[in-house]
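just the structure for this:
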Amino acid sequence: MAESGEKEKIKWTTTVIISSSLKSYEVATALENRSHKIRYSDSVENGSIIFSLSGVAFLLMDAKECFTSAEEILLAKIEKFINIHRNSFLVLSAALHGLEEWKLMFRIQQRFLGSNLRILPVHNAVNAVNLMCTIAKIASKPYIGSICYRMITTKAYIVEQSPVWKTLQKIKLSSDSFNPN
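Numbers count the residues shown, from 1 in each chain. Alright, predicted model coming up:
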């Protein structure tokens, strides 16, 4: 029991590449406060945050800014981002996700249906950082192996305890007793 308590106290840190355009934003400060190694870059897309060791990238956009910019420019920026990054997330920030914000997310989803883009609606910087760090953490190498093992074990347990599986086993046993071979 003491070991599991110690494991939870170990702080997860990684290198994060942040667009220089986000240098003065609350999200960058929140990531720095979590003791991540922060690297600012002018060569990444404006508004992007990349967890390189986890292989995930996030494009931060404010819903208000999306409404004021031309839709073609917005969609071109998103398309460029998802063409570069394999595991890409659009983090759409709004204080309240009302009807207009949901319509915006729906239009983006329709446009990029079947792509590797996932949309995360967030309300504030703390919410965004928590989501990004959770996703990046579970996608990182030490954790992904553990998660895969737990999923396989859980799947085996579910199948083993399934009433359908038990019925099939009974049918097999009863058919074996009538089999003359």
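
could you report the neighbour count for the closest residue to residue 78 other than its chain neighbours?
Nearest residue to residue 78, sequence neighbours excluded (C-beta to C-beta, 6 or more residues apart in numbering): residue 90, at 6.3 Å. Placement of C-beta: from N, CA and C, glycine included. Per other C-beta atoms under 10 Å, the neighbour tally for residue 90 reads 23.

what do you get for the one 3 residues further on?
When neighbours are defined as other C-beta under 10 Å, residue 93 has 22 of them.

how near is residue 91 to residue 108?
According to C-beta to C-beta, to the nearest Å, residue 91 and residue 108 sit 12 Å apart.

what about these two, which has more around it?
residue 91 (23 against 20).

tell me which residues touch the more buried one, please.
Counting by C-beta atoms under 8 Å, 6 or more residues apart in numbering, residue 91 touches 58-61, 120, 122, 128, 131-132.

repeat that with 10 Å
Shown in contact with residue 91 (C-beta atoms under 10 Å, 6 or more residues apart in numbering): 27, 47-49, 58-62, 118-122, 127-129, 131-132.

so which of the residues you listed sit within helices?
Secondary structure from DSSP state H places 27, 127-129, 131-132 of these in helices.

buried subset of these?
Among those, those scoring as buried are 27, 128-129, 131-132 (criterion: 16 or more other C-beta atoms under 10 Å).

great, nothing more from me.
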